[in-house]
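*Asks:* this one's sequence-less:
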């Protein structure tokens, strides 16, 4: 799939935003731990940061929780979030290291059959100067049946898309979180089950 940047300006994918708040003290305190193994290549920086978010920040659906997080700092503080929120943290951490990062989305089935509807899933795209390309990474978190990995040459995402089932890989790399995602996480921030019931079916 050919990815498309929402903005032609790479600097837009480094900008600090309210929900990608990388100057927050918690984010700044975390950064030295991610860059401690100097010297690192750009690819090593990205992989270490990606695996930190994927493996140490819980996906809210994988254990009993009612927490709904949104901003990068809240995700780090509570050590959990939905796919969208984990993507916000990953994007903030990478942007803070000078690595352009955008937000991407997929449309996945909500159940075992298309009749059960669909829901949006969030991930990130990272621009590697060393490879002169964007790669997508899914920080959702691995578990039996889901195995996402850092990969440059071949995508290894949590959910390979099946177009024949109505699933969609949205090609746009957004410079800021989609408005539908922000509305979801902020409007239904008091109850996880309520939030899950209102995940948009499409962008």
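*Replies:* Yep, that arrived. Remember, it's a predicted structure, so these values are computed and weren't measured experimentally.

*Asks:* By residue count, tell me the biggest strand in this structure.
*Replies:* In the chain, with assignment by DSSP state E, the single longest strand is strand 118-128.

*Asks:* Give the next helix or strand downstream of it.
*Replies:* strand 133-137 (DSSP states H and E).

*Asks:* How far off centre is that following strand?
*Replies:* Here the centre of strand 133-137 is set off from its chain's centre by 12 Å, with C-alpha atoms, centre = their mean, to the nearest Å.

*Asks:* buried sites along it?
*Replies:* For strand 133-137, a neighbour-count test (16 or more other C-beta atoms under 10 Å) marks 134, 135, 136, 137 as buried. Every C-beta, even on glycine, is put in place using the N, C-alpha and C of the backbone.

*Asks:* Dump those residues to CSV, plus pLDDT and distance to residue 87.
*Replies:* What follows is the buried residues of strand 133-137, written out as CSV (pLDDT from 0 to 100; distance: C-beta to C-beta, whole Å):
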residue, pLDDT, distance to residue 87
134, 98, 15
135, 98, 14
136, 98, 11
137, 98, 9
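
*Asks:* nearest to residue 59, of those?
*Replies:* Proximity of these to residue 59 was ranked by C-beta to C-beta; the top entry is residue 137 with 14.7 Å.

*Asks:* For that closest one, which residues are in contact?
*Replies:* 46, 50, 90, 123, 124, 125, 126, 148, 150, 157 (C-beta atoms under 8 Å, 6 or more residues apart in numbering).

*Asks:* Quick check: bridge partners of it?
*Replies:* Beta bridges link residue 137 to residue 124, judged by DSSP bridges.

*Asks:* related to what we said a few turns ago, in a markdown table, list the buried residues of strand 133-137 along with distance to residue 190.
*Replies:* Formatted as a markdown table, the buried residues of strand 133-137 follow (distance: C-beta to C-beta, whole Å):
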| residue | distance to residue 190 |
| --- | --- |
| 134 | 36 |
| 135 | 35 |
| 136 | 31 |
| 137 | 30 |
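
*Asks:* and residue 191, how many neighbours?
*Replies:* 12 (other C-beta atoms under 10 Å).

*Asks:* That's all I had, so thanks and see you.
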